[in-house]
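*Asks:* this one's sequence-less:
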């Protein structure tokens, strides 16, 4: 079976015109007129592909194709068409449009499938507007809670209010839960450089890393930068620096784990004052929960080892702990066979970023296909992917 790459490319470029900014970036936030226009265009493509189109209570756009047995649960191919502010052309949109193209090519070549197929453009994967993402996939998986709809954007508008303004009925959100899904597949740009460095256009995702977010507070003692001898100091920032280097070393000791310190604050903040208080974040990820837990234990031990001899006290607080999501071995095997048929060497790699697919971990087998990203750039007007 062959797909029409030129048709897919034209659709990607046309969709990219909706929400286009003078900077070259794209801004399509959830429940906005830009998102509505993008959904309407995507619905046109679904109809051209022979899909029956509907929207559920969460605003998910769903195109369904049935063959011989409509009683079987569907194979769902999904991603999103919302973007971050000043985002790129391919993140999310490629997965939705590629799913449409795949089904359209099947239909045009007179082929049939055993299971129905649903191509879904999920509502608000990015979370760029409300700071709470994957609204649509959570709803379809049955994990969206009523209190989640209270999250507000920078203008004070809640998800619930935005849904009402968009013509949706939040009270019916439970009806968006899928009655059954046979398997879920998502194609997405890699947002990294593994495939590009291997000179391969696509790869097989082994799992989606679950982020553990922690806040670390170190407390020492402020003092005069000139008058306090080094041996008497309780410098919280010096301790934090040692901890951060150790965090990097611990993450590097594992093949897949990644750790990032992305936020750091210190007090008093004077050029001639020894820092007394430091607060920093840790983002720790791995696709294996046991490995992530092991790395976390090593980080906690390192903090104690570094702080005790320096006279520094510390506190750790978890504020997000998302379980990693392994991809189905069966789905990985099927994708690997497809790679071989397409003349692509199968390459297995993890997803460090979160995706709609992870919401279906308790619902059905999941799989993901990554497409290479030029220079690993994503969430950026320079985002670019090509076969």
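*Replies:* Happy to help now that I have it. Because the structure is a prediction, the values reported are computed rather than measured.

*Asks:* Okay, now the sheet partners of the helix or strand bottoming out on mean pLDDT in the chain, with direction.
*Replies:* Using mean pLDDT, DSSP states H and E, the weakest-scoring helix or strand in the chain turns out to be strand 313-321, at a mean of 94. Strand 313-321 has its sheet partners listed here by DSSP bridges as strand 210-219 (antiparallel).

*Asks:* contacts for the partner strand?
*Replies:* 236, 239-240, 243, 276-287, 289, 292, 296, 303, 307, 312-325, 354, 358 (CB atoms under 8 Å, 6 or more residues apart in numbering). For glycine as for every other residue, the C-beta is placed from the backbone atoms N, C-alpha and C.

*Asks:* Which is the succeeding secondary structure element to the least confident helix or strand of the chain?
*Replies:* strand 325-326 (DSSP states H and E).

*Asks:* Which strands and helices lie in contact with that next one?
*Replies:* strand 202-208 (3 or more CB pairs under 8 Å, 6 or more residues apart in numbering; DSSP states H and E).

*Asks:* Could you measure from residue 283 over to residue 226?
*Replies:* 36 Å (CB to CB, to the nearest Å).

*Asks:* ok, those two, which is more surrounded?
*Replies:* Between residue 283 and residue 226, residue 283 has the larger neighbour count (other CB atoms under 10 Å), namely 16 against 6.

*Asks:* for that one, what are its contacts?
*Replies:* 211, 212, 213, 258, 259, 260, 261, 262.

*Asks:* check which helix or strand covers it.
*Replies:* Applying DSSP H and E, one finds residue 283 within strand 277-286.

*Asks:* any idea of the mean pLDDT in that strand?
*Replies:* Averaging pLDDT along strand 277-286 yields 97.

*Asks:* what do you get for stretch 340-347?
*Replies:* Mean predicted confidence for stretch 340-347 is 96.

*Asks:* Buried residues, that stretch. List them.
*Replies:* 344, 346 (16 or more other CB atoms under 10 Å).

*Asks:* Where do the helices of the stretch 51-200 of the chain begin and end?
*Replies:* 93-108, 135-141, 159-165, 194-197 (DSSP state H, counting those that start in this stretch).

*Asks:* Next, format those helices as TSV and append distance to residue 232, mean neighbour count and mean pLDDT.
*Replies:* Compiled in TSV, these are given as follows (distance: least, CB to CB, whole Å; neighbours: other CB atoms under 10 Å; pLDDT from 0 to 100):
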stretch	distance to residue 232	mean neighbour count	mean pLDDT
helix 93-108	58	22	97
helix 135-141	53	28	97
helix 159-165	53	19	97
helix 194-197	48	16	97
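
*Asks:* Ok, which of the ones you listed comes nearest residue 125?
*Replies:* helix 135-141 (6.9 Å; CB to CB).

*Asks:* What is the closest one packed up against?
*Replies:* With 3+ CB pairs under 8 Å, 6+ apart as the test, helix 135-141 has strand 117-122 packed against it.

*Asks:* How far off centre is the strand it packs on?
*Replies:* 17 Å (CA atoms, centre = their mean, to the nearest Å).

*Asks:* what's the angle from that strand to helix 93-108?
*Replies:* 160 degrees (axes from the mean of the first three to the mean of the last three CA atoms, to 10 degrees).

*Asks:* on that earlier part again, what packs against the next helix or strand after the strand holding residue 283?
*Replies:* Counting by DSSP H and E, the next helix or strand C-terminal to strand 277-286 is helix 289-307. Under the contact criterion of 3+ CB pairs under 8 Å, 6+ apart, helix 289-307 touches strand 210-219, helix 236-252, strand 277-286, strand 313-321.

*Asks:* which residues of the stretch 1-150 of the chain fall in strands?
*Replies:* 52-55, 61-65, 75-80, 117-122 (DSSP state E, counting those that start in this stretch).

*Asks:* List just the one of those strands that sits closest to residue 19.
*Replies:* Nearest to residue 19, of the strands of the stretch 1-150 of the chain and by CB to CB, is strand 75-80 at 13.2 Å.

*Asks:* count of neighbours near residue 180?
*Replies:* 9.

*Asks:* In JSON lines, list the strands of the stretch 1-150 of the chain along with distance to residue 158 and mean neighbour count.
*Replies:* Formatted as JSON lines, the strands of the stretch 1-150 of the chain follow (distance: least, CB to CB, whole Å; neighbours: other CB atoms under 10 Å):
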{"stretch": "strand 52-55", "distance to residue 158": "20", "mean neighbour count": "15"}
{"stretch": "strand 61-65", "distance to residue 158": "22", "mean neighbour count": "23"}
{"stretch": "strand 75-80", "distance to residue 158": "20", "mean neighbour count": "26"}
{"stretch": "strand 117-122", "distance to residue 158": "19", "mean neighbour count": "28"}
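
*Asks:* Which of these sits closest to residue 180?
*Replies:* So among the strands of the stretch 1-150 of the chain, strand 75-80 is nearest, using CB to CB, at 10.3 Å.

*Asks:* Give me the contacts around the closest one.
*Replies:* In contact with strand 75-80 (CB under 8 Å, 6+ apart) are residues 92-96, 99, 102-103, 113, 115-126, 136-137, 178, 181-188, 355-357, 360, 364.

*Asks:* average pLDDT across it?
*Replies:* 98.

*Asks:* likewise stretch 369-382?
*Replies:* Stretch 369-382 comes out at a mean pLDDT of 96.

*Asks:* now the angle from the least confident helix or strand of the chain to helix 289-307?
*Replies:* Using the same axes, to 10 degrees: strand 313-321 against helix 289-307 is 160 degrees.

*Asks:* tilt between strand 313-321 and strand 277-286?
*Replies:* Using the same axes, to 10 degrees: strand 313-321 against strand 277-286 is 40 degrees.
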